[in-house]
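*Asks:* predicted model and sequence below, questions to follow.
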Amino acid sequence: MKTAFFQHQNIVLDNLTRAQYQKIFLAGKNGELHCTVCAEKVRLFLGINERPYFFHTHAPEKYCPEPAVPIIIEESATFSMQNGFKLPKGRTITESLKSVEPFRPSKTIEYTIPFKQVTVGSQQKRPPYLIELADSGVVLDGSQSTAVLDTEGSVLVLAGAGSGKTRVLTVRTAVMINVNQIDPRSIMLVTFTSKAAAEMKDRLLSYPQMKREKIQQLVTGTFHSIFYRILMFHDGANWSANKLLKKEWQRDKILKEAGKELDLSEKEFAFDLALQQIGFWKNSLQMPNEVRPTSEWEEKAVFLYKKYEEYKHQEGLFDFDDMLLGCYRLLNSSPDLLAHYQDRFHYFLIDEFQDVNKVQYELIKLLSGKHKNVCAVGDDDQAIYSFRGSDPSYLLEFEKDFPAAKLVILEQNYRSSHEIVAASNQMIAANKVRRMKRMKAQFSSASPPVLFFPYDEEEEATMIVTDIQERISNGENPSDFAILYRTNAGSRAIFERLASSNLPFKIDQDAESFYQRYIVRSALSFLKVSLNEDDPQALSDILPFLFLKQAVLKELKAQSILKDCSFLEALSHLKTAHAFQEKKLKKAVTLIRGLKHLSPLTAIEKIEKDLGFLDFLKKRGNESSKLEKGSDDLKDLKVAAKSFDTIEALLAHSEHMSAMNKEIKNLSKHFLDAISLSTIHRAKGLEYKTVYIIGTVDGSLPHDFALEAHRNGDFTALEEERRLFYVAMTRARDQLFISVPQQRRGKKANQSRFLVPLNKKKKTDS
Ligand SMILES: Nc1ncnc2c1ncn2[C@@H]1O[C@H](COP(=O)(O)OP(=O)(O)OP(=O)(O)O)[C@@H](O)[C@H]1O
């Protein structure tokens with residue numbers, strides 16, 4: 001059905017602009033759309049696999065044919081009865097709109113290599129070497145069992161995604177404890193996240209006859225948690241948790257303070273990158289006096305590094321990187337302590353070895369010096385932390401430091417369908433620096449990966465939620481689904497759509513609400529003041545944007561009593577030392593007042609241009625930041641604002657969403673059967689039946705900063721972004737959906753360059 005009745009007029013889908021689809025979708029959800037024939041409620045279907053159409057929310061009592069020609073009815077009418085049908089009276093939008101962008105249907109990714117099932121005679125065969133490990137119910141292939149059973153001596157397991165690396169580590173640990181009767185206290189099992197450590201323990205517990213107390217005796221966790229425990233044990237007074245610089249803003253503040261000595265402007269200098277670079281140097285064991293800067297920028301960053309370290313030292317503070325460095329120094333400076341731990345730990349098992357950095361690598365080398373028993377597993381194609389100093393070359397050069405190590409290569413992918421494996425292989429092959437691999441899938445699926453083309457972030461979210469809803473109503477479970485994105489900021493629309501559905505979902509604990517981001521909250525505060533001129537919190541939020549100090553608030557309150565006026569009005573009576581500023585404030589009061597009569601989008605544009613918000617952003621809004629810019633937040637807010645007709649509605653929505661963010665985070669800890677919303681980084685090591693990757697456009701994935709580095713001749717960041725995309729693609733078991741929105745942040749977007757190799761034509765079996 002292509003027509004519906006909305007706000008006293010007939011609307012024809014083909015005549016709508018794509019930008020209007022989302023609004024019409026929401027109108028349908030709110031019961032504001034009606035059938036042009038039977039007048040019953042209809043909704044707009046906006047999904048991935050079919051073109052949009054209107055459908056009746058309840059089966060109409062009478063047969064309701066789609067009208068061939070939209071009915072033209074009198075203007076300003078509501079409904080009238082005709083031949084027993086309740087018909088809407090209204091005006092039809094029959095004239096064709098000039099700029100109607102056609103709906104672009106989704107398409108499947110053509111893969112180049114056909115799937116070959118291993119067959120023996122006429123029998124389909126599982127990989128030829130699958131064996132069950134001594135009545136344990138655990139199945140391994142030949143290479144996996146070598147890595148599992150040869151527990152004496154070092155081993156390097158190199159493999160692609162989904163090849164059972166984590167399975168190998170878990171079963172190897174189980175075999176050591178249960179079969180070889182090795183004392184679990186002598187085993188150190190290192191994972192990349194604490195979640196992965198907990199999951200590994202759970203998997204170990206399901207191993208037959210495994211005793212819980214044995215698992216508890218294992219030393220497991222992330223590098224940071226394990227080495228911090230050691231530091232606390234030997235030097236608790238200097239390493240107490242209250243001295244930890246936990247938050248990025250705390251470190252950022254130290255750097256910005258130090259930057260004043262060099263007159264570094266917050267407007268121009270990328271402090272976020274400097275912080276990242278300092279982490280990189282520390283993790284690479286390069287102290288400030290050892291760094292040889294290669295550019296002017298690096299010279300400044302080294303200066304900041306030096307000052308940062310001095311400040312921490314003076315104040316007795318430490319950061320996360322210091323946990324590893326501190327332990328490394330402790331062990332190096334105390335041979336007895338080192339000998340103690342070398343005797344204590346006989347076995348080391350390390351997951352995600354491609355993301356090991358120098359200090360971690362050196363710590364393992366030190367500790368394993370006596371027994372030389374390290375089992376490292378990794379995939380250089382999944383190295384996604386090199387910006388923090390991780391270096392896949394440790395994976396590739398392992399055999400130099402552990403010459404007796406056995407090399408095991410896993411080539412079977414047990415997780416994903418052939419179509420997903422082939423597409424991922426094809427995509428990652430474009431990276432120049434990598435070890436060639438041949439990953440083979442175990443099964444083929446009738447559903448190749450799908451590319452779909454929503455209009456913008458809003459429509460993208462709607463299409464995904466529609467798709468998940470359909471699948472869940474067909475019997476799938478919420479935990480079958482994951483929606484992955486490059487940065488948390490990219491998850492606003494999908495969060496909102498899920499929050500207003502009945503679907504259970506979970507988010508990362510560090511995902512802050514979009515509406516609580518500094519720039520967004522401040523822009524909304526202008527709107528709040530316009531509605532309530534005495535809102536003290538909102539007024540305090542906007543003061544910096546009017547280039548006023550917080551201390552002014554007291555004065556405003558006093559003025560409002562003296563002059564019997566609102567806090568906002570008091571702004572126009574404020575005496576500053578500058579006449580031009582007083583004039584500006586008077587103008588600002590009028591402008592802020594006028595906002596309430598505008599649509600939310602126009603009001604935000606006014607704040608941006610007429611109230612100097614953009615000027616503020618340029619001067620103090622982190623515009624020099626390479627990773628997250630304040631102006632990007634404002635663009636995202638404008639996209640969100642488009643869906644609302646009134647400022648009240650937008651503000652109510654933002655408050656609701658902030659509250660939902662808190663609630664969902666609390667629930668996320670307990671939700672088992674829930675859809676996962678996650679950054680790609682956090683999804684590493686996990687798997688889901690169906691994965692949606694959102695925002696697959698240049699600027700988002702690959703991220704803008706990698707494109708900029710590439711333009712300046714450095715391709716490493718772009719290769720890391722490609723690996724990130726590879727990690728995302730290979731999380732899917734059965735179904736992979738890649739979303740390519742046509743617009744991002746209100747502007748035309750270009751599909752991600754990573755998709756180019758996936759557009760090749762399918763080869764037929766030869
Ligand atoms: N021999 C096997 N037979 C059947 N299934 C297997 C086998 N080995 C692993 N699997 C399954 O394949 C999936 C991927 O395994 P695992 O998570 O251990 O791979 P991985 O190499 O660590 O993956 P990634 O690096 O992509 O996170 C899991 O569902 C696991 O249970």
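*Replies:* Received, thanks.

*Asks:* around the ligand, pick out the residues from the stretch 251-400 of the chain.
*Replies:* Residues of the stretch 251-400 of the chain lying close to the ligand (C-beta under 6 Å from any ligand atom) are 379, 382. C-beta: built from backbone N, CA, C; applies to glycine.

*Asks:* in the stretch 251-400 of the chain, which residue sits nearest the ligand?
*Replies:* Closest residue of the stretch 251-400 of the chain to the ligand, C-beta to the nearest ligand atom: residue 379 (5.4 Å).

*Asks:* so what does that residue look like in phi/psi?
*Replies:* Phi and psi for residue 379, reported as degrees, to the nearest 10, are phi -140, psi 110.

*Asks:* surely it and residue 165 touch.
*Replies:* Yes. Here residue 379 reaches residue 165: they are 7.1 Å apart, a contact under C-beta atoms under 8 Å.

*Asks:* between those two, point out the one with more neighbours.
*Replies:* Using other C-beta atoms under 10 Å as the criterion, residue 379 and residue 165 rank with residue 379 on top: 29 against 26.

*Asks:* what sits against the more buried one?
*Replies:* When contacts are counted by C-beta atoms under 8 Å, 6 or more residues apart in numbering, residue 379 touches 158-161, 163, 165, 354.

*Asks:* again with residue 55
*Replies:* Residue 55 neighbours (C-beta under 8 Å, 6+ apart): 1, 42-43, 45.

*Asks:* which intervals of the stretch 101-250 of the chain have sub-threshold pLDDT?
*Replies:* In the predicted model of the stretch 101-250 of the chain, residues 101, 111-112, 117-136 satisfy pLDDT under 70.

*Asks:* count the residues that sit near residue 248.
*Replies:* Using other C-beta under 10 Å, residue 248 is surrounded by 11 other residues.

*Asks:* so it makes contact with residue 276?
*Replies:* No. Using C-beta under 8 Å, residue 248 is not in contact with residue 276, being 10.1 Å away.

*Asks:* re the thing from before, among the contacts of residue 55, which lie within strands?
*Replies:* Within the contacts of residue 55, residues falling in strands by DSSP state E are 42-43, 45.

*Asks:* with pLDDT and neighbour count as added columns, please give those residues in JSON lines.
*Replies:* What follows is these, written out as JSON lines (pLDDT from 0 to 100; neighbours: other C-beta atoms under 10 Å):
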{"residue": "42", "pLDDT": "92", "neighbour count": "27"}
{"residue": "43", "pLDDT": "93", "neighbour count": "21"}
{"residue": "45", "pLDDT": "93", "neighbour count": "17"}
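
*Asks:* name the nearest of these relative to the ligand.
*Replies:* Taking C-beta to the nearest ligand atom as the measure, the ligand sits nearest to residue 45 out of the ones in strands among the contacts of residue 55, at 33.8 Å.

*Asks:* quick one: the helices in the stretch 601-750 of the chain?
*Replies:* 613-620, 630-641, 647-668, 680-683, 704-711, 716-729 (DSSP state H, counting those that start in this stretch).

*Asks:* out of these, which gets nearest to the ligand?
*Replies:* In terms of C-beta to the nearest ligand atom, the element of those nearest to the ligand is helix 716-729, at 7.5 Å.

*Asks:* quick one: the closest one to helix 704-711, angle?
*Replies:* If you take axes from the mean of the first three to the mean of the last three C-alpha atoms, to 10 degrees, helix 716-729 sits at 140 degrees to helix 704-711.

*Asks:* re earlier: which single one of the contacts of residue 55 is nearest to residue 149?
*Replies:* Closest approach between these and residue 149, by C-beta to C-beta: residue 45, at 54.1 Å.

*Asks:* okay, and the beta partners of that closest one?
*Replies:* Beta-bridge partners recorded for residue 45 (DSSP bridges): residue 53.

*Asks:* looks like it contacts residue 33 (just checking).
*Replies:* No. With contact defined as C-beta under 8 Å, residue 45 does not reach residue 33; the gap is 11.6 Å.

*Asks:* thinking again about what came up before, let me know which of the helices of the stretch 601-750 of the chain is the nearest to residue 505.
*Replies:* Taking C-beta to C-beta, helix 647-668 is the member of the helices of the stretch 601-750 of the chain nearest to residue 505, at 6.9 Å.

*Asks:* now for the closest one, which elements pack on it?
*Replies:* With contacts taken as 3 or more C-beta pairs under 8 Å, 6 or more residues apart in numbering; DSSP states H and E, helix 647-668 sits against helix 492-499, strand 505-506, helix 518-531, helix 600-609.

*Asks:* quick one, the longest one and helix 613-620 angle?
*Replies:* Using the same axes, to 10 degrees, the interaxial angle of helix 518-531 with respect to helix 613-620 works out to 140 degrees.

*Asks:* what does helix 518-531 contact?
*Replies:* Contacts with helix 518-531, where a contact means C-beta under 8 Å, 6+ apart, come from 514-515, 535, 537-539, 541-542, 544-545, 567-568, 592-596, 600, 603-604, 607-608, 611, 613, 617, 621, 630-631, 633-634, 636-637, 647-648, 650-651, 654.

*Asks:* and the first one, by the same measure?
*Replies:* Helix 492-499 is contacted from outside by 457-458, 460-462, 464-465, 483, 485, 505, 507, 514, 636, 639-640, 653, 656-657, 660-661, 664, 675, 677, 694, using C-beta under 8 Å, 6+ apart.

*Asks:* for residue 756, grab the count of nearby residues.
*Replies:* 11.

*Asks:* and it, helix, strand or coil?
*Replies:* Under DSSP: H, G, I helix; E, B strand; the rest coil, the three-state class of residue 756 is helix.

*Asks:* what residues does this protein put near the ligand?
*Replies:* So the chain meets the ligand at 139-141, 144, 159, 161-167, 379, 382, 414-415, 685, 687, 730 (C-beta under 6 Å from any ligand atom).

*Asks:* quick check: which element contains residue 408?
*Replies:* For residue 408, the element it lies in under DSSP states H and E is strand 406-410.

*Asks:* can you pull the poorly scored residue ranges out of the chain?
*Replies:* Looking at the chain by pLDDT under 70, you get 59-63, 65-101, 111-112, 117-136, 266-268, 619-628, 760-766.

*Asks:* next, name the residue at the spatial heart of it.
*Replies:* Central residue of the chain (C-alpha atoms, centre = their mean): residue 679, 2.1 Å from the mean position.

*Asks:* so what's that one up against?
*Replies:* By C-beta under 8 Å, 6+ apart, residue 679 lies in contact with 484-488, 508.

*Asks:* count of residues packed around the closest residue to residue 109 other than its chain neighbours?
*Replies:* Using C-beta to C-beta, 6 or more residues apart in numbering and skipping the chain neighbours, the partner closest in space to residue 109 is residue 449 (4.3 Å). Look at residue 449: counted by other C-beta under 10 Å, it has 26 neighbours.
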